[in-house]
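>>> structure of the sequence below:
(one chain, ligands or ions: 2)
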Amino acid sequence: MNDTRTFFTIGMAGHIDHGKTTLTKALTGVDTDRLKEEKERQISIELGYAPFPLGEYQTSIIDVPGHEKFIRQMIAGVAGIDLVILVVAADEGVMPQTKEHLEILGFLGIRHGVIALTKSDKVDAEMLELVEMDVREHIDGTIFADAPMFPVDSISGKGLPELKDALIQLMKTLPVRDVKGTFRLPIDQVFTVQGQGTVVRGTIYEGVVRTGDLLTVLPQNTSVRARQLQVHHEEKPKAEAGQRVAINISGLSKDDLHRGDVLVASQAAAPTQTIDVALHTVLAMDSPVKQRTAVKFHSATAEVMGKIVFFDRNELTSSTTEVLCQIRLDEPVVLRRGDRFVLRRPSPVKTIGGGYVVDPWGTKHRFGEKTMQELQRKKAGTPEERILDTLSDQSILSLSELSQQASLDLQTVEEIAANLVKKKLVLEIEMGVYTSTTVYDATIGFLKDQLTRYHEINPMRVGMPKAELLQAVHLKQNLPKKLQEWVLDEEVGAGRLRKEKQYIALADFEQQFPQQWKQRILQALEQLKQEGLAVKPWEDYLTAVKIPDKLHVEIKHYIVGSHQAYALDDKYLIHGEVFDGLLNKLQADADRNGFTVVEAKTILDASRKNVVLFLELLDQLQITRRAEDKRVWA
Ligand SMILES: Nc1nc2c(ncn2[C@@H]2O[C@H](COP(=O)(O)OP(=O)(O)OP(=O)(O)O)[C@@H](O)[C@H]2O)c(=O)[nH]1
Ligand SMILES: [Mg+2]
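Ligands and ions are numbered 1, 2, ... in the order given. Just a heads-up that it's a prediction; the model follows:
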């Protein structure tokens with residue numbers, strides 16, 4: 001199984017009727033316009049999702065509506081994506097929502113995409129060239145400036161192979177999502193499944209979720225359990241950042257949940273109503289935005305009304321520089337520092353701009369230079385945030401490394417680290433060496449995933465050799481072995497993992513025969529039992545029931561390790577019950593002060609050779625020992 005990143009979420013974007021849904025269907029076979037109203041009006045209204053296997057990648061496409069009235073859905077849809085297909089119809093060229101979607105993608109920090117010129121079958125070569133130039137002109141200076149462009153015809157399929165190929169190439173270069181972060185899922189759909197209860201769906205922003213996890217719904221602040229996870233209708237034990245997941249949760253009904261609520265693994269994210277932000281405006285604003293103007297604030301799947309507050313001006317006109325200001329919201333939302341947002345005017349609805357959250361827990365500030373300086377400082381991050389961010393990035397660091405990488409002096413780092421340890425956000429692995437709780441939790445997760453897989457493949461082994469486990473997790477997640485080792489010790493100490501000699505196992509793992517071969521192996525064991533001490537080589541029993549050769553060694557290890565059988569020598573085994581029976585007989589009938597091989601042979605009634613082997617086994621197990629030509633009980 002390949003553990004490098006293989007799943008991505010691709011978003012569609014583009015003007016109404018330009019062919020996003022048709023292209024989605026041509027690529028995936030899924031018609032994402034499912035609603036009756038969508039069919040009747042022949043426009044998309046809600047977000048559509050389609051699994052899209054692409055070479056070695058398991059991607060999903062999110063189809064968004066292009067109508068200007070449904071920009072909210074569009075923002076919710078593209079907020080969590082990795083890359084975008086910007087759709088422009090060749091017979092129409094760049095239209096208002098082409099531009100607006102482009103702006104929104106920029107504000108949301110989407111960095112990667114390709115452009116599809118749909119309906120290319122409707123225009124001639126000359127027209128196609130003109131449209132290409134038109135599009136190039138509009139993407140000049142945006143992040144799509146260098147994006148590859150492909151004419152396609154979604155009806156005949158022409159141009160799709162090239163488009164797919166470009167997507168694959170792009171995915172090869174995409175960065176890995178932050179699976180180390182604390183799990184966070186902005187909910188975009190809530191529904192009830194007959195007989196199962198409430199299910200929420202969304203794209204995972206950060207972290208990993210596993211079946212059974214205890215989660216919190218914000219802003220309600222209610223605990224729920226993730227009863228079952230599905231990725232594109234297939235049940236999975238876990239899902240991680242970048243994947244679309246449906247989670248069946250316990251404890252809340254459909255009416256208690258809404259699009260815009262957030263499912264989190266801890267309280268690291270809390271609802272807030274006053275936020276300090278860094279804002280970039282659209283280039284062509286119709287009229288200035290006045291102090292305390294009502295605005296619509298969109299972030300991830302949430303849309304909330306609020307007021308914009310400036311501290312260095314009374315109105316905002318189009319600006320090419322960043323403006324630090326505050327948004328006061330009418331309702332709580334869940335945000336983290338660095339989260340992206342889009343601001344729109346409520347009526348007539350127009351995008352003002354967007355940017356990122358500088359401080360999710362802003363307070364009331366005074367107008368003036370002092371506040372602006374404070375906002376500048378916040379933008380650079382508090383020392384705590386810098387330390388936590390650095391640890392999340394680097395996993396484990398010493399005080400001096402932390403001081404260097406977070407650009408803080410040693411004494412400050414020492415004080416803050418001690419404080420963070422008290423708050424249980426940071427852990428001290430050894431004197432002066434730290435990791436964060438988030439990294440610790442992620443590490444346990446990776447170790448357990450690895451063990452789960454190992455147990456599945458090797459159900460007969462006690463556990464995974466520790467060195468192999470550390471190496472596997474090190475290779476896949478680049479987590480230092482020192483950190484893993486510490487986490488392992490803690491988990492073993494707490495009884496959540498088990499350690500036997502150099503082998504590590506999940507606490508509830510039980511060794512067993514592979515399901516597929518179990519019956520036959522039991523048959524072989526039964527045969528072995530029937531034959532007492534007059535056994536054939538063990539291999540023969542397995543071969544007789546057609547167990548593949550490659551499993552022989554493993555099976556022998558397991559049955560001997562679990563005392564279901566005993567090894568007389570390299571080749572011969574006797575059944576555990578036979579062993580017990582013979583031992584009892586010998587203990588009952590042999591002379592208490594010692595016995596010879598000949599005497600034992602008479603009692604056990606077996607060949608001399610096997611009796612000798614059996615007695616040697618008893619010596620080896622320290623049940624008996626040799627004393628000159630006799631054996632005595634040890
Ligand atoms: N000839 C031709 N027609 C196309 C092509 N792509 C889409 N169409 C047609 O264009 C119309 C609109 O297509 P949709 O896929 O619904 O457009 P959309 O972008 O999803 O529209 P909204 O979701 O409402 O924004 C449909 O009638 C399609 O059949 C194409 O490549 N060639
Ligand atoms: Mg559509």
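
>>> what residues are up against the residue in the stretch 201-350 of the chain positioned nearest to ligand 2?
Using Cβ to the ion, the closest approach of the stretch 201-350 of the chain to ligand 2 is made by residue 244 at 18.0 Å. Glycine gets a C-beta too; all of them are placed from N, C-alpha and C. Residues in contact with residue 244 (Cβ atoms under 8 Å, 6 or more residues apart in numbering) are 9, 49, 60, 62, 201, 202, 203, 204, 231, 232.

>>> spatially nearest residue to the spatially most central residue of the chain, not counting backbone neighbours?
By Cα atoms, centre = their mean, the chain has its centre lying nearest to residue 240, at 1.7 Å. What sits nearest to residue 240 in space, not counting adjacent residues and going by Cβ to Cβ, 6 or more residues apart in numbering, is residue 208, at 4.3 Å.

>>> ramachandran coordinates for the one you found?
When read as degrees, to the nearest 10, the backbone of residue 208 gives phi -130, psi 140.

>>> and the protein, which of its residues are near ligand 2?
20, 21, 44 (Cβ under 5 Å from the ion).

>>> okay, and residue 609 sits in which element?
Taking DSSP states H and E as the criterion, residue 609 maps to helix 608-620.

>>> what residues does the stretch 151-300 of the chain have near ligand 1?
153, 154, 155 (Cβ under 6 Å from any ligand atom).

>>> separation between the second one and residue 305?
What it means is residue 154. Noted for residue 154: a distance of 38 Å to residue 305, by Cβ to Cβ, to the nearest Å.

>>> where in the stretch 1-150 of the chain is pLDDT low?
Within the stretch 1-150 of the chain, the segments meeting pLDDT under 70 span 1-6.

>>> what are the ranges of the helices in it?
For the stretch 1-150 of the chain, the helices defined by DSSP state H, counting those that start in this stretch cover 20-28, 36-41, 71-78, 96-107, 125-139.

>>> what angle separates the last one from helix 96-107?
Meaning helix 125-139. 40 degrees (axes from the mean of the first three to the mean of the last three Cα atoms, to 10 degrees).

>>> gap between helix 125-139 and the chain center?
Computed by Cα atoms, centre = their mean, to the nearest Å, the chain-centroid distance of helix 125-139 equals 40 Å.

>>> returning to what we had before: which elements pack onto the helix holding residue 609?
In terms of contacts (3 or more Cβ pairs under 8 Å, 6 or more residues apart in numbering; DSSP states H and E), helix 608-620 is packed against helix 576-589, helix 597-604, strand 624-627, strand 630-633.

>>> out of the ones you listed, which gets nearest to residue 73?
helix 576-589 (65.2 Å; Cβ to Cβ).

>>> near ligand 1, which residues of the chain?
Close to ligand 1, as judged by Cβ under 6 Å from any ligand atom, the chain has residues 16-22, 43-44, 65-67, 118-119, 121-122, 153-155.

>>> please pick the buried ones from those residues.
Buried members of those, counted by 16 or more other Cβ atoms under 10 Å: 16-22, 43-44, 65-67, 118-119, 153-154.

>>> just to revisit the earlier point, let's have the helices of the stretch 1-150 of the chain in JSON lines, adding distance to residue 323.
Output for the helices of the stretch 1-150 of the chain, formatted as JSON lines (distance: least, Cβ to Cβ, whole Å):
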{"stretch": "helix 20-28", "distance to residue 323": "32"}
{"stretch": "helix 36-41", "distance to residue 323": "38"}
{"stretch": "helix 71-78", "distance to residue 323": "20"}
{"stretch": "helix 96-107", "distance to residue 323": "13"}
{"stretch": "helix 125-139", "distance to residue 323": "24"}
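
>>> compute the first-to-last residue distance for stretch 301-316.
26 Å (Cα to Cα, to the nearest Å).

>>> what's the offset of it from the middle of its chain?
How far stretch 301-316 lies from its chain's middle: 34 Å, per Cα atoms, centre = their mean.

>>> same question for stretch 212-223.
Taking mean C-alpha positions (Cα atoms, centre = their mean), stretch 212-223 and its chain are 18 Å apart.

>>> and the contacts of that stretch?
183, 209, 224-227, 249, 251-252, 256-257, 261-267, 269-271, 331-334.

>>> so which of those residues belong to helices?
Within the contacts of stretch 212-223, no residue falls in helices by DSSP state H.

>>> now, of the residues you listed, which are buried?
Judged by 16+ other Cβ under 10 Å, buried ones among these: 183, 209, 224, 226-227, 249, 252, 257, 261-265, 269-271, 332-334.

>>> that's all I had, so thanks and see you.
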